[in-house]
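>>> Here's my sequence, what's the structure:
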Amino acid sequence: MALDQISGYLSKYKRITPPDEHIRKMTAEIIERECGFDVRPQSIRVHGNTIFIKAEPLLRTEIFLKKEKILEKLNELHRESRIKYIQ
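Model prediction:
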């Protein structure tokens, strides 16, 4: 009986996502490798399964052209993140 209560209590911690800072840094590194320009981690915001990037329109267009490859590498390096969208 007591073990059931403990497992129920601990099950809510399975859904904890990693800190946004780590995902922002990884995203900035991947964009630098794939697109060839720097994006500061401070200009990247993570909300749920979506990444929002504040950058110049030309840079954002380049990111969107390579979006699938960026998402693939991000989810490959950090399986728990489950990021699906870049905006």
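
>>> show me where the chain has helices.
Listed in chain order, the helices found in the chain under DSSP state H are 2-11, 20-35, 57-65, 67-77.

>>> quick one, the longest one and helix 67-77 angle?
Same thing as helix 20-35. Relative orientation of helix 20-35 and helix 67-77, computed by axes from the mean of the first three to the mean of the last three C-alpha atoms, to 10 degrees: 130 degrees.

>>> Can you tell me how far the residue nearest to the spatial centre of the chain is from residue 5?
With distances taken as C-alpha atoms, centre = their mean, the residue of the chain nearest its centroid is residue 23 (4.5 Å). Distance from residue 23 to residue 5, counting by C-beta to C-beta, to the nearest Å: 33 Å. Placement of C-beta: from N, CA and C, glycine included.

>>> Same check on residue 75?
Residue 75 sits at a distance of 34 Å from residue 5 (criterion: C-beta to C-beta).

>>> When those two are compared, which one has more neighbours?
With neighbours defined as other C-beta atoms under 10 Å, residue 75 and residue 5 compare such that residue 75 has more, 14 against 9.

>>> hang on, isn't that one packed against residue 86?
No. Residue 75 lies out of contact with residue 86 (C-beta atoms under 8 Å); the separation is 11.8 Å.

>>> where does the chain dip in pLDDT?
Low-confidence segments of the chain, defined by pLDDT under 70: 1-4, 14-18.

>>> Output the helices of the chain as a markdown table; include the columns distance to residue 46.
As requested, the helices of the chain are arranged in a markdown table below (distance: least, C-beta to C-beta, whole Å):
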| stretch | distance to residue 46 |
| --- | --- |
| helix 2-11 | 24 |
| helix 20-35 | 4 |
| helix 57-65 | 15 |
| helix 67-77 | 11 |
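
>>> Identify, out of those helices, the most deeply packed stretch.
For the helices of the chain, the largest average neighbour count (mean count of other C-beta atoms under 10 Å) is found in helix 20-35, namely a mean of 17.

>>> orientation of that helix relative to helix 57-65 in degrees?
For helix 20-35 against helix 57-65, the angle between stretch directions is 90 degrees (the same axes, to 10 degrees).
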